[in-house]
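Visitor: no sequence for this one, just the structure:
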């Protein structure tokens, strides 16, 4: 078929030209126009902000890391070891020469354990150097020090006793968000203070806030074989971008486009709140319909699933708005109708290719993609293609 053959040739060229690097496989999304940057529908109450300042001694932090009172698990946060050994070693060097560290931010859970909001990489460096057992292969050995080069190759216990005491006695400033703070307030606070060198991605913030059923479902579906196959292993999971894709699907699947009010982040947060209290039956239906959509997206569109046609006629990177519009529309169909689409794949792909060349539709998935009209239009147009094929018997 011309649609598939032309696409395969362009895919082959793409492999040669860009090296098929995962880092460039997702098209950058322009959510808003300059004049409509995510209107806040419901302002937050400043009285809900409940943060306390707490000085913390390094020796106590090490104890908390050892007994799990400070949680660094990647299920609740981003990947903790993004710094290399040299950067981690220079953090330890800063403690030795008494350079003050930036403030740390924690979210205090109902169990009084502290979830790291800002400072994860610094805490993980301290954990590797002081909180792991000496025979642990992940134990940090100092390397690449700038000033104290005589300590390169040292573990904590090998440092002079006075240096060990100096490190353990250093005090850092911590800001702790107390239990009971509303989720929407916590999201807003996390976003505002998230200004470090390795800033949290939106999906990582959500996984810090919405722990439990909601975060668990996102992780499960993002790691599913069906999702990985449909997206051809091109969505890098290291910063939870894969979970953002699942989050988008679940929002439009559960709430529909009619509930969308123009602020995509608030919409995605709202569905996480809803998922926390949904029944097991609803969660199971979300799971089954997501996996069904991923299976049929792969069977019907193959390696071109969720990708736009660029102006040069080649298939481009994965497009988020196209992904959620196609996936949710497939999920809403019965299995019987999905089978009918699969059997009529050639007809469907011709209509779909024509849609991807339609200027108005392309604009809906390219510019101001979070605008209400853009969201509604892309869902309606994809649905019209599917229903047109189904009706043409």
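Guide: Good, I have the coordinates. Keep in mind the model is a prediction, meaning the values are calculated, not measured. Numbers count the residues shown, from 1 in each chain.
Visitor: spatially nearest residue to residue 89 (excluding sequence neighbours)?
Guide: residue 142 (4.5 Å; Cβ to Cβ, 6 or more residues apart in numbering). Any C-beta I mention is one placed from the backbone N, CA and C, and that applies to glycine too.
Visitor: so that neighbour sits against residue 92, correct?
Guide: Yes. With contacts counted by Cβ atoms under 8 Å, residue 142 reaches residue 92, the gap being 6.4 Å.
Visitor: quick check: neighbours shared by the two?
Guide: Common contacts of residue 142 and residue 92 (Cβ atoms under 8 Å, 6 or more residues apart in numbering): residue 129.
Visitor: all strands for the protein, in order.
Guide: Under the criterion DSSP state E, the chain contains strands at 51-57, 70-71, 104-108, 114-118, 171-177, 307-309, 315-318.
Visitor: worst mean pLDDT among those strands?
Guide: Note on these: strand 114-118 shows the lowest mean pLDDT, a mean of 83.
Visitor: what lines up beside that strand in the sheet?
Guide: Sheet pairing for strand 114-118, assigned by DSSP bridges, gives strand 70-71 (parallel), strand 104-108 (antiparallel).
Visitor: out of those, which is closest to residue 136?
Guide: Closest to residue 136 of those, according to Cβ to Cβ: strand 70-71, at 17.5 Å.
Visitor: for that closest one, the distance to its chain's centre please.
Guide: Relative to the chain's own centre, strand 70-71 is displaced by 20 Å; criterion: Cα atoms, centre = their mean, to the nearest Å.
Visitor: give me the contacts around that strand.
Guide: Against strand 70-71 from outside (Cβ under 8 Å, 6+ apart): 61, 64, 77, 106, 113-116, 123.
Visitor: adding neighbour count and distance to residue 368, write those residues out as a markdown table.
Guide: Shown next, in a markdown table, are those (neighbours: other Cβ atoms under 10 Å; distance: Cβ to Cβ, whole Å):
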| residue | neighbour count | distance to residue 368 |
| --- | --- | --- |
| 61 | 24 | 45 |
| 64 | 18 | 46 |
| 77 | 20 | 32 |
| 106 | 23 | 37 |
| 113 | 16 | 41 |
| 114 | 23 | 39 |
| 115 | 21 | 35 |
| 116 | 23 | 35 |
| 123 | 22 | 39 |
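Visitor: could those go into a markdown table alongside distance to residue 149?
Guide: Listed next are those as a markdown table, based on distance: Cβ to Cβ, whole Å:
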| residue | distance to residue 149 |
| --- | --- |
| 61 | 26 |
| 64 | 31 |
| 77 | 33 |
| 106 | 34 |
| 113 | 38 |
| 114 | 34 |
| 115 | 36 |
| 116 | 30 |
| 123 | 25 |
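Visitor: and the residues you listed, which is closest to residue 285?
Guide: When the contacts of strand 70-71 are ranked by distance to residue 285 (Cβ to Cβ), residue 77 comes first, at 29.0 Å.
Visitor: export the strands paired with strand 114-118 to JSON lines and tack on distance to residue 335?
Guide: Shown next, in JSON lines, are the strands paired with strand 114-118 (distance: least, Cβ to Cβ, whole Å):
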{"stretch": "strand 70-71", "distance to residue 335": "40"}
{"stretch": "strand 104-108", "distance to residue 335": "41"}
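Visitor: determine which of these approaches residue 238 most closely.
Guide: strand 70-71 (19.0 Å).
Visitor: I'd like to know how far the residue nearest to residue 89 sits from residue 129.
Guide: Distance, residue 142 to residue 129, using Cβ to Cβ, to the nearest Å: 8 Å.
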